[in-house]
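K.L.:
any chance you can model this:
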Amino acid sequence: MYYDGLLHPDFPSGQIDYFLSRKETTSIQLVLNPSHCSDMLKNKILLYRYLEAAQLPHPKVFAIFDKTTAGVSSCNRMLQSRQDWIDYIRTELPNDFIIKPAYGAKGMGVKHIQKHGNGLMDGKEAVDFSWLYDYMKSYPDSPAYIIQQRIINHPAIVEFTEKQALQTVRIITYVNKRCEPDILYAAIKFVCGKNTTDHYLWGRSGNVFSFIDVQHGQVKPAYSTSDAGKPAEPQTMHPETQRRFDELNLPFWQETVQLARCAAMLFLPVRCIGWDIAITEAGPSIVEGNIWWDPYNRLAYKQRIVDDLGCDPFQIRLSQKRRPNVSDFT
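P.N.:
Numbering: from 1, shown residues only. Just a heads-up that it's a prediction; the model follows:
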C-alpha cells in the first residue's frame, strides 16, 4: 500500500477500487490454480524440463546442481563430487552463463557469471572455479541450483534502454471457462541504474514497469515509486535514456502473445499464470512461470475473472472456511 501511494493523503480515494491486495489476489489464484500443481512452476528444474518436453523456447539448461545428491549436466553426465563440479565448470561451461536457485523469487540468488583467465568473474570480483561450487552449496534459500544459458534482449530493446541486463515481459494468462487462453494484461520491466535484474519489487528496486497494448505490442507510459509514498505518476519517457515509451513497439509481439497462450494451455489445470518472457533477436523465450504472481495494479483485470466465473472468489473464501470446490462455480 505504501509503495503504491495508497496511504498518502494525495491518493484519489475514487481509485482505490482498482487496486487488489496480495490477500485478495491469492484468493483468486487459489480458486483458479490447484496448489498441488504449484511445483510445476515454482520448481524451475521441473519447469524447464516441462518446457523442454513441450518444445517451448526457453534458455538452455547446462546443468542442475543439488546440495544433497549428484547433479547432472545437459548431456546427462552425473556430477557427484566437488572436484567433478570444478572440472565441469572449468572445461565445459561456456564463457558466459547464469546461475539461478531452483526455488527463488524476486531475482534473489541469481548471478551472471563469466569466465576470466584461470577463474571466474562474479560481477567485478575475480574468483576461482571452486567458488561457484561452494556458493551454490552454501546458498541457504534453495536446495538446488540451475546453470543456464545467458540470453540477451532484442537489439531494439537494448538500444531503447541502453542496458545489457535482461528485461522481460510479464504476461498474465487466464484460461476461461470456455477453455480459451485469455490475456489479462501484459507489462514490460525496464532495468534502471546499476541493477542486474529487472525485478520491480513494488518500486523499491528503482526499476520501472510499463503496461503494453496487448493487441499491438506498443509500450505505454511507465510507473515507478515516488519518494515518501506519494502516488506514482505515469512517466512518458525512460528516466535514463529520455526516449518516449510510446515510440517502442516490441518486436516479435504476436509471436510472444502466441507463446504465452500456448504455454497456458499446456500447463492446465493451472489456469492463471504470470509468464516472464524474454524477447530476443531469435524471438520470444520463456524465462519463468509464476503461479502466485504479485498483483500489478491500476488495471481492472479482476472484474474479467469475476464475470467469467459468475462470482467473486475473494468473497467466497471470506464466507467459507473450506477451500471452494469446482461446484461453487458451475
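K.L.:
outline the domain layout of the protein.
P.N.:
Domain assignment of the chain by automatic domain parsing yields the ranges 13-42+154-329, 61-149.
K.L.:
between those, which one is nearest to Ala53?
P.N.:
When the domains of the chain are ranked by proximity to Ala53, the top entry is domain 13-42+154-329, at 9.4 Å, counting by Cβ to Cβ. Every C-beta, even on glycine, is put in place using the N, C-alpha and C of the backbone.
K.L.:
so how far is the closest one from its chain's centroid?
P.N.:
Mean C-alpha position of domain 13-42+154-329 versus that of the full chain (Cα atoms, centre = their mean, to the nearest Å) differs by 9 Å.
K.L.:
contact partners for Ala144?
P.N.:
By Cβ atoms under 8 Å, 6 or more residues apart in numbering, the residues touching Ala144 are Ile45, Ile64, Phe65, Asp66, Lys67, Pro101, Ala102, Tyr103.
K.L.:
mind running it again at 10 Å?
P.N.:
Contacts here follow Cβ atoms under 10 Å, 6 or more residues apart in numbering; on that basis Ala144 touches 43-45, 64-69, 71, 101-103, 136.
K.L.:
would you list every one of the strands in the protein?
P.N.:
Shown for the chain, the strands assigned by DSSP state E span residues 61-66, 71-73, 78-79, 96-101, 111-116, 119-122, 125-127, 144-149, 169-175, 181-190, 208-212, 219-223, 272-280, 283-290.
K.L.:
can you list contacts of the shortest one?
P.N.:
Taking Cβ under 10 Å, 6+ apart as the criterion, the residues outside strand 78-79 that touch it are 63-66, 69-73, 84-89, 92, 133.
K.L.:
mind redoing it with 7 Å?
P.N.:
With contact meaning Cβ atoms under 7 Å, 6 or more residues apart in numbering, strand 78-79 is reached by Ala63, Ala70, Gly71, Val72, Ser73, Trp85, Tyr88.
K.L.:
and which of the residues you listed is nearest Ser142?
P.N.:
Closest to Ser142 out of these is Gly71 (13.5 Å), distances taken as Cβ to Cβ.
K.L.:
was I right about the closest one contacting Ala63?
P.N.:
Yes. Using Cβ atoms under 7 Å, Gly71 is in contact with Ala63, at 6.0 Å.
K.L.:
contact partners for the spatially most central residue of the chain?
P.N.:
Ranked by distance to the mean C-alpha position of the chain (Cα atoms, centre = their mean), the top residue is Asp276 at 3.9 Å. With contacts taken as Cβ under 7 Å, 6+ apart, Asp276 has the following neighbours: Thr168, Arg170, Val287, Glu288.
K.L.:
now do Tyr200
P.N.:
Contacts of Tyr200 were listed using Cβ under 7 Å, 6+ apart, and they are Lys189, Asn207, Phe209.
K.L.:
any idea how far it lies from Pro140?
P.N.:
Plainly put, Tyr200 is 24 Å away from Pro140 if you go by Cβ to Cβ, to the nearest Å.
K.L.:
could you do Lys67 as well?
P.N.:
Separation of Lys67 from Pro140 (Cβ to Cβ) stands at 10 Å.
K.L.:
Phe209 too?
P.N.:
Computed with Cβ to Cβ, the distance linking Phe209 and Pro140 is 29 Å.
K.L.:
what does Gln242 give?
P.N.:
As defined by Cβ to Cβ, Gln242 lies at a distance of 41 Å from Pro140.
K.L.:
returning to what we had before: let me know the closest of the contacts of Asp276 to Leu20.
P.N.:
Nearest to Leu20 out of those is Arg170 (Cβ to Cβ; 15.3 Å).
K.L.:
for the nearest residue to Ile279 once chain neighbours are set aside, grab phi and psi.
P.N.:
Residue nearest to Ile279 in three dimensions, not counting chain neighbours: His154, with 5.0 Å by Cβ to Cβ, 6 or more residues apart in numbering. For His154, the backbone dihedrals are phi -60, psi 140 (criterion: degrees, to the nearest 10).
K.L.:
what's the local residue count around His154?
P.N.:
Neighbours of His154 under the rule other Cβ atoms under 10 Å: 19.
K.L.:
Asn95 too?
P.N.:
The burial metric for Asn95, expressed as a neighbour count using other Cβ under 10 Å, is 11.
K.L.:
pretty sure it is touching Ile113, no?
P.N.:
No. Asn95 lies out of contact with Ile113 (Cβ under 7 Å); the separation is 9.5 Å.
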